[in-house]
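[1] Provided below are the primary sequence and the corresponding predicted coordinates.
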Amino acid sequence: MAKSMFMAWASPVDDASDSEFNAWYEGTHVPQIRAAVPAITAVYRYRVADVPGVGAAPTHRYLAVYEMDTDDVAGAMAALGAASAEGRIDMTTTIDLTANPPVLHWFHAVTG
């Protein structure tokens, strides 16, 4: 079981950018995030399911779940921030940074 994780919600800027957004996310973004935070042991990506009658869909179309083998969430956050500030995280014009910017949430594992 992972000791901690972070979840990243994001969307492409429009439907036409969906394929390019996903290619960048899988081929560039995930490898750069993994390099920045060596404690990441697994990454899973999900797309919002369109289920009729369930109500309004979430504002973000995609979710990435990054499992980590560390309980030092602050250290992982700092490493990711440093990689971003140092230009080691490439962005794409296909990600929505304006109307629906990415959201990150960090979690510690809860064991019983």
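    Perfect, thanks for sending it.

[2] tell me which residues of stretch 1-10 are tucked away?
    Using 16 or more other C-beta atoms under 10 Å as the test for burial, stretch 1-10 gives 2-6, 8-10. In short, each C-beta sits where N, CA and C put it, glycine included.

[3] average pLDDT for that stretch?
    The average pLDDT within stretch 1-10 is 94.

[4] what comes into contact with it?
    25, 41-42, 58-73, 76-77, 95-96, 102-109, 111 (C-beta atoms under 8 Å, 6 or more residues apart in numbering).

[5] where along the protein do the helices fall?
    Counting by DSSP state H, one finds helices in the chain at the ranges 18-24, 30-36, 73-85.

[6] pLDDT below threshold where in the chain?
    Applying pLDDT under 70 to the chain flags the ranges 112.

[7] so how far is Ala36 from Gly87?
    For Gly87, the distance to Ala36 equals 11 Å [C-beta to C-beta, to the nearest Å].

[8] these two: who's more crowded?
    Ala36 (18 against 7; other C-beta atoms under 10 Å).

[9] so what's the residue nearest to that one when sequence neighbours are not counted up against?
    Among residues not flanking Ala36 along the chain, Ala83 sits closest, at 3.4 Å (C-beta to C-beta, 6 or more residues apart in numbering). Residues near Ala83 by C-beta under 8 Å, 6+ apart: 32-33, 35-37, 89.

[10] in those residues, find the pair that's most separated.
    Distance extremes for the contacts of Ala83: the farthest pair is Val37 and Ile89 at 10.7 Å, using C-beta to C-beta.

[11] neighbouring contacts of stretch 20-29?
    Against stretch 20-29 from outside (C-beta under 8 Å, 6+ apart): 10, 12-13, 45, 62, 64, 89-90, 92, 94-95.

[12] now do 10 Å
    8, 10-14, 17, 30, 33, 43, 45, 47, 61-62, 64, 89-96 (C-beta atoms under 10 Å, 6 or more residues apart in numbering).
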